[in-house]
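**Q** coords please:
(2 chains)
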Amino acid sequence: MLKVLKLAARNLARYWRRTLLTSGLIILGVVAVLLFIAVSGSFKSLIVGQITDSVLGHLQVHRRGYVASIDNLPLNLNMKPAAVSQVEQALEGIEAVAAWSPRLKFGAMFSNFVETTSIRLNGVLPEREAAAMPMLAARLVQGSAANGLVERGKVLIPEILARGMKIKVGDTVVLVATNLDGSVNGKTFVVQGVLGDVTGPGGRDGYVHLEDARELLRMTEAEVSEIAVRLKALEDLEAAKGRVAAALQKGLEAHGWDQLSPFANIARMIDLLDLFIRVMLVGIVLIAVMNVMIMAVYERIREIGMISAIGTPPRRILALFLAEGALLGVAGTAIGVALSLALVYALNVWPVHFTFGRQLELELAPSLAAADAAAISAVVVVMAILASLQPAWKAARMDPITALRHV
Amino acid sequence: MNVVVARDLSKTYQNGAVAVPAVREVSFAIGGGSLAAFVGPSGSGKSTLLNMVGCLDHPSAGSLAVLGTDVASLERRAAADFRGANLGFIFQDFNLIPVLSAAENIEYPLLMVQNRPAGERRARVVELLEAVGMADQADKRPDQLSGGQKQRVAVARALATRAKLVLADEPTANLDHDTAYRIIALMKKMRDESGTTFVFSTHDPKIVNEAEVVFMLEDGRLVSSADRHA
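**A** Numbering: from 1, shown residues only, chains lettered A, B, ... in the order given. Okay, here's the model as predicted:
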């Protein structure tokens, strides 16, 4: 095999310009695909990380029908204490679950005594919320995460609201909420911090202590709207969701982050683009290698006639041309992967910043998984061999007399 | 012992609906260790005859034995194996592989056809380069060699596998007279040293005189033969 590869390498070097051009196309394709995978993967994991680690959690448990009405934050679809207790027991028994946080979600009027607007709020147990949403505290652009996240009598407000109403940390504000029975209740809070906005649902919510929320809502029972669950690994989402759903009592349901955030559709679109670009790479390799191999066979017809006449077995002629195609693929892939790694490294040394929705100065940190590089390499080499198959077969089946007479 | 025995050998090509006879009922025998020539004008059937003897083409009728094997009906793969094991070829256009040096061209059939071990290949290549007077040109590529030097390398390549029969189709057609004579002399020398039978085709009457056995062809028919051994 080595001798066939050596001869194939020399034949490729014979037409070095063409070899360079074809390899260049393959390199370009490999770099385009791997860079796209690295950058889009980084973008996806950055945004998904923000959504799941600071807002939604990996999955959430609600009373049936709550998610369908989630825009209204209906208090009449909260989970009762018995249901909450059952869910917490179920979560304790699931190995994949790392932490969870009960939330009481509600809408309120927000006033700084000069202006009034509406706000969506989460009543949370600070330590539990901080454990389930490890990036939430990092979203604070003003103030601090005292008491784990938020102290009693204090509120964390979204940046868009703070900026619009010129509210600073330490200012006193009033929250007025409609209770379950239709009455209205108000309570003053001190602004403890301002949270940076995150794209997607819940990305511009405020936070208060769960007990403050219950007081404001004059809630007599320890109801919660949802339980946000953090898993040990996001990759376990489907399996964990299945286990949580199976453990829930009737009337409760579990939703993954991808069912709660529209970014999941963007992520799917990115995956689709990823597939398209891979298909394009396959096309580039097939056309480039097939073209060069057809030319190689056509230009060497007399040579093929000679080697066939002196008794070279057809399978060896086939192997010779397949080896040429494979070498093109291997060389293009090797250089393409090396170049991609260098570019990914460069993108980490000189990071690219971008804006997504209301989020400014997001920083990409692309990385290339060995599995992706290996899969793309395998696809390119296999395609290069497949593209060489027809010309190689033609060369191996060539009649030596006809080939020797070829002008 | 005869290395080639042909009886009533015919080859007819089909050109659409028209049958074109290229060789018509030719019978001949070539003894071992001969330097034999098929002679005749273009279209007389020399190359067709050589192709059939070289197992590159099948006769339409008649029988053909090469080195004791009935080659008339050998199928493609068996014919390739037979050629690789027993025959050597020299071509009018030399047909050396351009990316290989002179030494590597000679080594090619040992490596790619017969899978000989490296030590044996190296020794055989050195032996043949010296025998054909090309030892000092071993590392040169074909485009760095003259026509005569290329044909010397081609002769060495044909003999690399210790072929018992070497077939040369117009081996001197692209060479000047002096070089052509030197190539025929080289073939004679190699025949004397190795006992290999050389059969070549030519239409050059001066070169014909160098052959020991001559078969004259016209319109696909054998019109005369002469054995100058006698």
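
**Q** excluding its backbone neighbours, what's nearest B:Gly31?
**A** Spatial nearest neighbour of B:Gly31, chain neighbours left out: B:Asn2 (5.5 Å); criterion: C-beta to C-beta, 6 or more residues apart in numbering or on different chains. For glycine as for every other residue, the C-beta is placed from the backbone atoms N, C-alpha and C.

**Q** low-confidence ranges in chain B?
**A** Applying pLDDT under 70 to chain B picks out residues B:229-230.

**Q** up against chain A, what does it have?
**A** Contact residues, chain B versus chain A (C-beta under 8 Å from any C-beta of the partner chain): B:51, B:54, B:56-57, B:76-77, B:80-85, B:87-89, B:91, B:93, B:95, B:97-100, B:108-109, B:111-113, B:157-158.

**Q** burial measure for whatever residue of the stretch 101-250 of chain A ends up closest to chain B, as a count.
**A** As assessed by C-beta to the nearest C-beta, chain B sits closest to A:Glu235 within the stretch 101-250 of chain A, at 50.4 Å. A:Glu235 sits with 10 neighbouring residues when counted by other C-beta atoms under 10 Å in any protein chain shown.

**Q** now do A:Gly242
**A** The number of residues packed near A:Gly242 is 11, by other C-beta under 10 Å.

**Q** distance of it from A:Asp236?
**A** Using C-beta to C-beta, to the nearest Å, A:Gly242 is found at 10 Å from A:Asp236.

**Q** how about B:Pro41, secondary structure?
**A** Here B:Pro41 is coil, with the state taken from DSSP: H, G, I helix; E, B strand; the rest coil.

**Q** nearest residue to B:Leu96 other than its sequence neighbours?
**A** Nearest residue to B:Leu96 in three dimensions, chain neighbours excluded: B:Pro142, at 4.2 Å (C-beta to C-beta, 6+ apart).

**Q** same deal with B:Ala103?
**A** B:Ala138 (4.2 Å).

**Q** for A:Arg152, same thing?
**A** Using C-beta to C-beta, 6+ apart and skipping the chain neighbours, the partner closest in space to A:Arg152 is A:His209 (4.9 Å).

**Q** show me what from the stretch 201-350 of chain A comes close to chain B.
**A** Residues of the stretch 201-350 of chain A lying near chain B (C-beta under 8 Å from any C-beta): A:302-303, A:305-314, A:316.

**Q** got JSON lines for these, with secondary structure and neighbour count too?
**A** JSON lines is the format used below for these (DSSP: H, G, I helix; E, B strand; the rest coil; neighbours: other C-beta atoms under 10 Å in any protein chain shown):
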{"residue": "A:Arg302", "secondary structure": "helix", "neighbour count": "16"}
{"residue": "A:Glu303", "secondary structure": "helix", "neighbour count": "20"}
{"residue": "A:Gly305", "secondary structure": "helix", "neighbour count": "22"}
{"residue": "A:Met306", "secondary structure": "helix", "neighbour count": "24"}
{"residue": "A:Ile307", "secondary structure": "helix", "neighbour count": "26"}
{"residue": "A:Ser308", "secondary structure": "helix", "neighbour count": "26"}
{"residue": "A:Ala309", "secondary structure": "helix", "neighbour count": "25"}
{"residue": "A:Ile310", "secondary structure": "coil", "neighbour count": "26"}
{"residue": "A:Gly311", "secondary structure": "coil", "neighbour count": "26"}
{"residue": "A:Thr312", "secondary structure": "coil", "neighbour count": "22"}
{"residue": "A:Pro313", "secondary structure": "coil", "neighbour count": "18"}
{"residue": "A:Pro314", "secondary structure": "helix", "neighbour count": "16"}
{"residue": "A:Arg316", "secondary structure": "helix", "neighbour count": "19"}
